[in-house]
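Undergrad: The following comprises the amino acid sequence and a computationally predicted model.
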Amino acid sequence: MGKAEIPPGTLYMLILRSLESLGPMHGYGIALHIERMSASVLAVEEGSLYPALQRMLIKGWVKAEWGLSENNRRARYYRLTTAGRRQLVEEISEFQRVMEAITRVIEPASEPALST
């Protein structure tokens, strides 16, 4: 099977969690981490990743500074802020709430069917 699209509303959570797990990373490293941790099911496209990181900078969830990558190339490294840690907790909580609701809809009902 091919790579799946990242469900709407979860990209921030995945980025924040990656930064919490591994510390400061450049964009390519974040995308690679998400792909690896998802067993290559999820792929973060550049066209989604960098705009999301820019919005996260504006919201104060991450900070960025320039540094050198493993290949001695200039790269922007992102790190989680205190506000980003708080947001991660909120993102995970909301994700779990939505997943529980979806699970209730797709699992067979335990109650007897209503007659019509």
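TA: Everything's here; your move.

Undergrad: The most centrally placed residue in the chain sits in which helix or strand?
TA: For the chain, the residue sitting closest to the mean C-alpha position, by Cα atoms, centre = their mean, is Leu14 at 1.5 Å. When elements are defined using DSSP states H and E, Leu14 is found to belong to helix 11-22.

Undergrad: who touches the helix or strand following that helix?
TA: On the C-terminal side of helix 11-22, the nearest following helix or strand under DSSP H and E is strand 25-26. By Cβ atoms under 8 Å, 6 or more residues apart in numbering, the surrounding residues in contact with strand 25-26 are Ser18, Leu19, His33, Gly67, Ser69, Ala75, Arg76, Tyr77, Tyr78. Backbone N, C-alpha and C define where each C-beta goes, glycine included.

Undergrad: Mind checking the pLDDT average for strand 25-26?
TA: Throughout strand 25-26, pLDDT has a mean value of 96.
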